[in-house]
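# Provided below for reference: sequence and predicted model.
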Amino acid sequence: MSAVKTIRLLPDDQGASCAGGILRAGGIVAIPTETVYGLAASALNEKAVARIFAAKGRPSDNPLIVHISDLSQLSQLWESVPERALILARAFWPGPLTMVLPKTPAVPECVSAGLPTVGVRMPAHPLALDVIRRAGVPLAAPSANASGRPSPTTAADVLQDMDGRIDAVLDGGACAVGVESTVVDLTGEHPRILRPGAVTLEMIESALGLTEVDEAVTRPLGAGERPRAPGMKYRHYAPKAPVTVFDGAPVRTAAHIAGLLQPGDGVLCFDDCKEAFAACPHVLCYGQSWDAAEQGRRLFSALRAFDSLPCVRILAQGCRPWGEGAAVRNRLHKSAGFNVVSVGLPVVGITGRSGCGKSLLTRLAADMGYFTVDADAVYAELLQNSGEMRAALAARFPEEAGPGGVDRRALARRVFGDEQARLDLNAVTHPFVLREIGARIAQAEAEGARAVALDVPLLFESGLDRACTATCAVLAPEDVSVGRIAERDGISPERARERLRAQPGDDFYTARCDAVLVNAGSRGEFLKKARLCLQKYGR
Ligand code: TXA
Ligand code: MG
């Protein structure tokens, strides 16, 4: 292909107008979307679409997604628009969801790669919508990377692969989601996820009920097997050095990888685990271990960055598979060609404010065969039995933890309302609690436990969330918790309320936890939800 000059367009009216003009004239332009940059052409112009395949080096049997700015464009693309599609469109468009349905003859064969169906989505990026409107036609747009490379999440990434091969790139900054859209096939009896994305399985199920996940999402295909999304069969997202992914609780995978490190290795890890790799010169991070959205934003640029480091192999901490994490995990596993090692057993962290029902959930876990650990009890035992921890406490809190022993109540009073004292107390005690709980998990595993449940009020503050493979918060309306605390601890409702107010709000837990169980209705209802949750996370 002869080289073209690739124009860099700014994210203003002129840039969008110029992009629209190039597209109307049959050109190809990389545009930002909320997921990744797409390489766009008029979906109805076969010559322009052929240029996309050439620029990417994309196999011609891999169909393109068509992008629209208005629901009225659907009748041009799909034979009919079933109710299920309208429900999903209302719930998730504009947004990172592509729906696959039978196409009209107006959609060229080269767009659908010969399939009788076409995938369509309405992106949520204002610039993408603007450019589609100005182009005046639906736009076919695969991710704007060279075939096999990680998808681009910045204009610079696009240019790395596409400079001289495309007419222009519209620079809209970094993409907010960072992994490609969820692809859902609506042609079968049940919706089927062909590629996970930020619109999660849980979200689609809540809109449409039972939803299947295609096998190609979680395992490599055997020889001769044909995936429903042709793109899922190709090696993808891979840096030059081979990648191995280690799945499991972050503290376990960090320790495991640290034990394997050799000169020339690169490490892809969580921000909150990088201390484990202080001796390794090639460490890249992709977000906090609990933060799937951030991991999604950073994964592809991290994978790209390894190519400029002198690594011979890459050892990666795998992320949690729940919610949006399923999309990140799928891309990471694909980058490793599904070379994945599982480390350790399932550990479910149970947290939430006082009086919401953590202990109830923990007791249920025990009934279901989980090995359970109560972090408060471990703390109390260490206060009794660990001379080392008592000495550390006495150094910081001589009045409450003097030679006569630790007065637990006095200590609690001392730090209540005194932020610095509370942080100091935690800084002294958490390392001991962490170590002890780590030892108990190891022992449970050695004794054949299949799963562990940790009851930890300060799960995130203590860092114990990093010992978990899933985290679950139990929450309840404040009045309900106040009543429970007052009754349980024999204190006034005012005192109970005061105690609750000193704890983080619901948002803190919903942002961080894989599941949130609201304990507001009947006990039976709560236990039913809780059981499903523990079944899911205990496998
Ligand atoms: O977020 C996204 O979807 C981005 C942005 C640019 O919108 N686009 C994107 O396109 O990721 P692409 O071409 O890189 O990935 C499209 C995926 C491929 O795995 C392809 O096989 C599948 O969707 N796909 C497209 N049309 C399909 C169809 N009719 N049936 C089954 N799978 C289809
Ligand atoms: Mg792609």
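Arrived safely. Ligands and ions are numbered 1, 2, ... in the order given.
# neighbours around the closest residue to ligand 1 within the stretch 101-250 of the chain, how many?
At 2.2 Å from ligand 1, G231 is the closest residue in the stretch 101-250 of the chain, using Cβ to the nearest ligand atom. Placement of C-beta: from N, CA and C, glycine included. Residues contacting G231 under the criterion other Cβ atoms under 10 Å number 23.
# May I have the phi/psi pair for it?
The phi/psi pair for G231 (degrees, to the nearest 10) reads phi -60, psi -20.
# For the closest residue to it other than its chain neighbours, give its distance to R228.
Computed as Cβ to Cβ, 6 or more residues apart in numbering, the closest residue to G231 that is not its neighbour in sequence is N62, at 4.9 Å. In this view, N62 and R228 are 12 Å apart by Cβ to Cβ, to the nearest Å.
# And for I28?
For I28, the distance to R228 - Cβ to Cβ - is 27 Å.
# ok, the two, which is more surrounded?
Between I28 and R228, counted using other Cβ under 10 Å, the more crowded position is I28 (29 against 18).
# what's the residue of the stretch 101-250 of the chain closest to ligand 1 in contact with, if anything?
G231 sits next to 62-63, 195 when contact means Cβ atoms under 8 Å, 6 or more residues apart in numbering.
# and of the residues you listed, the nearest to R235?
Using Cβ to Cβ, N62 comes nearest to R235 of the contacts of G231, at 12.5 Å.
# mind checking how far the closest one is from S147?
8 Å.
# pretty sure A449 is touching F371, no?
Yes: A449 lies in contact with F371 (Cβ atoms under 8 Å); the separation is 3.9 Å.
# the more surrounded of these two?
More crowded of A449 and F371, by other Cβ under 10 Å: F371, with 21 against 18.
# just checking, that one touches A444?
Yes: using Cβ under 8 Å, F371 is in contact with A444, at 4.1 Å.
# Give me the common contacts of those two.
The contact lists of F371 and A444 share V452, where a contact means Cβ under 8 Å, 6+ apart.
# circling back to that earlier point, surely the residue nearest to G231 meets P227?
No: counting by Cβ under 8 Å, N62 sits too far from P227 to count as a contact (10.5 Å).
# all helices of the stretch 51-200 of the chain, in order?
Assigned by DSSP state H, counting those that start in this stretch, the helices in the stretch 51-200 of the chain fall at 74-77, 83-92, 109-112, 126-135, 155-162.
# Now mean neighbour count too, for those, in a markdown table please.
What follows is the helices of the stretch 51-200 of the chain, written out as a markdown table (neighbours: other Cβ atoms under 10 Å):
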| stretch | mean neighbour count |
| --- | --- |
| helix 74-77 | 18 |
| helix 83-92 | 16 |
| helix 109-112 | 20 |
| helix 126-135 | 22 |
| helix 155-162 | 21 |
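# Now those helices in CSV, please, with extra columns for distance to ligand 1.
Formatted as CSV, those follow (distance: least, Cβ to the nearest ligand atom, whole Å):
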stretch, distance to ligand 1
helix 74-77, 11
helix 83-92, 13
helix 109-112, 6
helix 126-135, 8
helix 155-162, 11
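# mind putting those in a markdown table, mean pLDDT included?
Converted to a markdown table, these look like this (pLDDT from 0 to 100):
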| stretch | mean pLDDT |
| --- | --- |
| helix 74-77 | 98 |
| helix 83-92 | 98 |
| helix 109-112 | 96 |
| helix 126-135 | 98 |
| helix 155-162 | 97 |
